[in-house]
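Asks: from the sequence below, what's the structure:
(2 chains)
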Number of protein chains: 2
Amino acid sequence: MEPYTLYYWPTIQGRGEFVRLALEEAGVPYRDVARGAKGMPQVEASLDFRCEPLPAFAPPVLRAGELLIGQTTNILLFLGARHGLAPRSEKGRLWCNQLQLTIADIVAEAHDSHHPISVNSYYEDQKKEARARSKDFRAARIPKFLAYFENVLAANPARGSFAVGARLTYVDLSLFQLVEGLRYAFPKTMAQLEPQWPRLVALCEAVRQRPNIAAYLASKRRIAFNEDGIFRRYPELDR
Amino acid sequence: MEPYTLYYWPTIQGRGEFVRLALEEAGVPYRDVARGAKGMPQVEASLDFRCEPLPAFAPPVLRAGELLIGQTTNILLFLGARHGLAPRSEKGRLWCNQLQLTIADIVAEAHDSHHPISVNSYYEDQKKEARARSKDFRAARIPKFLAYFENVLAANPARGSFAVGARLTYVDLSLFQLVEGLRYAFPKTMAQLEPQWPRLVALCEAVRQRPNIAAYLASKRRIAFNEDGIFRRYPELDR
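Replies: Residues are numbered from 1 along each chain as shown, chains lettered A, B, ... in the order given. Below is the predicted model:
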């Protein structure tokens, strides 16, 4: 099989990280194109109607043979089916996709906690509004979303401790990334709230210890969290 | 076939409208449960772990036999495959889903144009921030997204004037709803910008004139746009 090509920003985890984690867990070869020499023009080309018949609106984008796939949840829908990271049944696939879309919703809100006014201006130019939005995000949105995911884990009728069925799916990998990102961005808030979500915390540790994920996290392929990504540590936004 | 049940707020178009349009175009029977007597408790039950084995995080939710499906794009993925509102090929299905996810992104931004700080407080309490966010939304985001969709229409190699392939898909219905919503919320901005997107404008008219859609729009089932929904007309946010 031709290796996949991933088009994403080279210096942040961002939304691309949800795709990277799925590719790493599946153990399939991929080229993270922007991290090589002269990669950025290729990322830009994946968004350009002059270069591609059906370009994406924004990264991440995955090339898989003749397919060029955009939107994180859509890429995971594809990878999940192809690499055993989602159930085979329609019901299971839809449930995975639904949970991943709900993760995408809180990820977008995490981004807007530091950029509530415009993606086109700096954090420094919307700090006051970011404080107000982060306050609501910490007090109302993180608890609501993470309690939902904790309940999803508790409600899974299958044995094991995964989100969907009895085997790992891409949703588990994404829940790990979500919790890790929130811990990075809001360490005080998360330290205080985490005891409410024991299943979610246990799932994160289980994901972290999977051989392929552990190897990835220890490698140079894993970019560190930083203040250019979605999850940013600004102490003033964490009370 | 058992009719579908739609769980959504009874007084707004909101995200539920993308589902309603697909159901109406497909001509399949459905019960819009909250619009009947004592419907709201049923909407709430669709989100409640005490009532459902796998409840959704938020409406809209669609019950289809034993399936309970949440997240707008996920419901459309299901309906598209089942009712001929999406191509049969994997490539076509992924492309539809990708475009629908991109529509969902701008819909979320349209919502945040009047609620940039918190969904838990009133517009009146975040008016100043809403003015700043709307300014950016009008100047940068609407043009970027709608130019993308115009280019998608231009790049479709199939005959006809649809977004994907040679037949109508749920993406066309959703583009109609998106443009109509933006016209309602930002009439001045849209009147000025629309000439840049002739294909998108023509698609909207074609969707509006489809028999099932025309009948729906003229019926009491179509809720009018209003200031409780996603697309709200606040003149101060339209310059």
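Asks: C-alpha from now on. contacts and neighbour counts both.
Replies: OK.
Asks: where do the helices of chain A begin and end?
Replies: A:16-26, A:40-45, A:72-82, A:90-114, A:127-136, A:142-155, A:170-185, A:187-193, A:198-208, A:211-217 (DSSP state H).
Asks: what's the shortest one in contact with?
Replies: Applying C-alpha atoms under 8 Å, 6 or more residues apart in numbering or on different chains, the external contacts of helix A:40-45 come out as A:Tyr7, A:Tyr8, A:Trp9, A:Val33, A:Ala34, A:Cys51, A:Glu52, A:Pro59.
Asks: likewise the fourth one?
Replies: Residues from elsewhere that reach helix A:90-114, judged by C-alpha under 8 Å, 6+ apart: A:73, A:77, A:86-87, A:123, A:126-127, A:130-131, A:133-134, A:137, A:141-142, A:145, A:164-165, A:169-171, A:174-175, A:178, A:182, A:230-232, A:237, B:57, B:67, B:69-71, B:74, B:78.
Asks: also stretch A:189-199?
Replies: A:Arg138, A:Pro143, A:Leu146, A:Ala147, A:Glu150, A:Leu153, A:Ala154, A:Ser161, A:Leu182, A:Arg183, A:Val201, A:Asp238.
Asks: equivalent analysis for stretch A:163-170, please.
Replies: Here stretch A:163-170 has contacts from A:22, A:76, A:80, A:84-87, A:92, A:95-96, A:152-153, A:156-160, A:162, A:171-172, using C-alpha under 8 Å, 6+ apart.
Asks: off-centre distance for that stretch?
Replies: Averaging C-alpha positions (C-alpha atoms, centre = their mean, to the nearest Å) puts stretch A:163-170 16 Å from its chain's average.
Asks: on that earlier part again, just the buried residues of the contacts of helix A:90-114.
Replies: Buried residues within those, counting neighbours by 16 or more other C-alpha atoms under 10 Å in any protein chain shown: A:73, A:77, A:86-87, A:123, A:126-127, A:130-131, A:133-134, A:137, A:141-142, A:145, A:164-165, A:169-171, A:174-175, A:178, A:182, A:230-232, A:237, B:57, B:69-71, B:74, B:78.
Asks: dump the contacts of helix A:40-45 to JSON lines, plus distance to chain B.
Replies: JSON lines is the format used below for the contacts of helix A:40-45 (distance: C-alpha to the nearest C-alpha, whole Å):
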{"residue": "A:Tyr7", "distance to chain B": "16"}
{"residue": "A:Tyr8", "distance to chain B": "16"}
{"residue": "A:Trp9", "distance to chain B": "19"}
{"residue": "A:Val33", "distance to chain B": "21"}
{"residue": "A:Ala34", "distance to chain B": "22"}
{"residue": "A:Cys51", "distance to chain B": "12"}
{"residue": "A:Glu52", "distance to chain B": "10"}
{"residue": "A:Pro59", "distance to chain B": "12"}
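Asks: so where is chain A shaky, pLDDT-wise?
Replies: Along chain A, segments meeting pLDDT under 70 span A:1.
Asks: and it, which residues reach chain B?
Replies: Neighbours of chain B within chain A, by C-alpha under 8 Å from any C-alpha of the partner chain: A:49, A:53-54, A:57, A:67, A:69-71, A:74, A:78, A:91, A:94-95, A:97-98, A:101-102, A:116-118, A:129-130, A:132-133, A:136-137, A:145, A:148, A:151-152, A:155.
Asks: do that again at 7 Å, thanks
Replies: Proximity of chain A to chain B (C-alpha under 7 Å from any C-alpha of the partner chain) is limited to residues A:53, A:57, A:67, A:70-71, A:74, A:91, A:94, A:97-98, A:101, A:116-118, A:132-133, A:136, A:148, A:155.
Asks: and A:Pro157, how far from B:Pro53?
Replies: 9 Å (C-alpha to C-alpha, to the nearest Å).
Asks: hmm, back to that, among the contacts of stretch A:189-199, which pair sits farthest apart?
Replies: Using C-alpha to C-alpha, those reach their maximum pairwise distance at A:Ser161 and A:Asp238, which is 30.1 Å.
Asks: hmm, back to that, want to throw the helices of chain A into a markdown table with distance to B:Gln42?
Replies: Output for the helices of chain A, formatted as a markdown table (distance: least, C-alpha to C-alpha, whole Å):
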| stretch | distance to B:Gln42 |
| --- | --- |
| helix A:16-26 | 34 |
| helix A:40-45 | 46 |
| helix A:72-82 | 29 |
| helix A:90-114 | 20 |
| helix A:127-136 | 28 |
| helix A:142-155 | 19 |
| helix A:170-185 | 28 |
| helix A:187-193 | 30 |
| helix A:198-208 | 28 |
| helix A:211-217 | 41 |
